[in-house]
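Colleague: When you get a sec, could you give me coordinates for this:
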Amino acid sequence: MSSVLSSSIPNCYFELQPPERFALVDRFYRSQGYKVKCGASERVYAIANEGAGVVAAARLVPQCSGHYWLRNLLVASDWRGQGIATGLMQKLLPDLTPLGCYCFALPHLTDFYAALGFIQNPPHCPEDILRTYNTYRTRGRDWVLMGYIQS
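Modeller: Model prediction:
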């Protein structure tokens, strides 16, 4: 089911994508220079514009611990600076409760995630998320572990 994103961003709609539309989201990521393939078990969210197609997307990857790992939150370069990423996250946050979600944020985006309720280096991080995070860190990724847990 789609819903209007915001009256301040006309003709943009938010939707949890059904698996048969994952290829459209994959193409969006490729058009922005990312090699991403949405997996069948993922919850994939997108914002589309009537004329431009998908202009933003995010993936929630389920983990063995029962939590989600937020990956590839991305807004098309021509659409940035309009609050679309914030709007997308605000629409999907209710789906994170009570499971919780973790992301590996770029350092310059920690304030963005904190404003949405994520906390840096959460005290009770599931082992599967922590293991993946540490793997990326040993590969030289300068990401910040952040968690969103609401009761």
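Colleague: Which positions within stretch 41-60 qualify as buried?
Modeller: Using 16 or more other CB atoms under 10 Å as the burial criterion, the residues of stretch 41-60 that qualify are 42-49, 54-60. The C-beta positions use only the backbone N, C-alpha and C, and glycine is treated the same way.
Colleague: Flag the shaky bits of this structure, pLDDT-wise.
Modeller: 1-8, 151 (pLDDT under 70).
Colleague: At which residues are the strands of it located?
Modeller: Listed in chain order, the strands of the chain (DSSP state E) span 2-6, 9-17, 43-49, 53-62, 68-75, 101-105, 119-120, 144-148.
Colleague: now the ones you listed in TSV, with distance to residue 93?
Modeller: Formatted as TSV, the entries for those read as follows, by distance: least, CB to CB, whole Å:
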stretch	distance to residue 93
strand 2-6	14
strand 9-17	12
strand 43-49	11
strand 53-62	11
strand 68-75	10
strand 101-105	8
strand 119-120	14
strand 144-148	7
